[in-house]
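Peer 1: starting from these lines, generate the structure:
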Amino acid sequence: MDSLARSTRIRFADIGDLPSLIILAEQFIPGEACDKKRLEVLKRALKNPDYELLVAELDEGIVGFIDQWIIHDFAHGARLSYIHSLYVDSRYRRKGIASKLIQRVMKNAINRGVSEIHVTTRFDNESAINLYRKHGLIKRHLQLEKEFK
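Peer 2: Numbering: from 1, shown residues only. The predicted structure is shown next:
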């Protein structure tokens, strides 16, 4: 593990982190939403007991985040976890920070009684696919999507 990853603190996000998270969200998905809408959605999500948002923090500030939703799937008869977003600022990539975030979110999922964890990424995002595989995410399914604008 890179020394930078060792000095990275992983913790639950709080209200004081919102400005930094909004900046990272714009880097992650530019132009997807205005800051006001992102703040509104994030504040609502943070109140949901089935939502978890972790941040990676260095002395410089927050450099990454991961979030997961816990769902109650009656067909599986179990709780499942969906990693929705994982992002690390480009200046801090390939230093073990994303791995540290994934390890922590998986530990939290296990502690919450989750039986499966899922994640999606673009088919061409080989670095993300390799990262997730490194952490044991191996099954492949097709997720279809329709946007409503």
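Peer 1: pull up the pairing partners for the lengthiest strand in the chain, direction included.
Peer 2: When the chain is parsed with DSSP state E, its longest strand is strand 61-73. Sheet pairing of strand 61-73 (DSSP bridges) gives strand 51-58 (antiparallel), strand 78-88 (antiparallel).
Peer 1: for the first one, buried residues please.
Peer 2: To tie it back to what came earlier, the one meant is strand 51-58. By neighbour count on 16 or more other C-beta atoms under 10 Å, the buried set for strand 51-58 is 52-58. For glycine as for every other residue, the C-beta is placed from the backbone atoms N, C-alpha and C.
Peer 1: now tabulate the strands paired with strand 61-73 in JSON lines and tack on distance to R6 and mean pLDDT.
Peer 2: Below are the strands paired with strand 61-73 laid out as JSON lines (distance: least, C-beta to C-beta, whole Å; pLDDT from 0 to 100):
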{"stretch": "strand 51-58", "distance to R6": "11", "mean pLDDT": "97"}
{"stretch": "strand 78-88", "distance to R6": "15", "mean pLDDT": "96"}
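Peer 1: quick check on D89: phi, psi?
Peer 2: phi -50, psi 140 (degrees, to the nearest 10).
Peer 1: my read: it touches G64, true?
Peer 2: Yes: checked against C-beta atoms under 8 Å, the pair D89 and G64 is within contact range at 6.3 Å.
Peer 1: which residues do those two both contact?
Peer 2: Here D89 and G64 have L24 as joint contacts, going by C-beta atoms under 8 Å, 6 or more residues apart in numbering.
Peer 1: looking at these two, which one has more neighbours?
Peer 2: It is G64, of D89 and G64, that has more neighbours when counted by other C-beta atoms under 10 Å, with 23 against 19.
Peer 1: all set, thanks.
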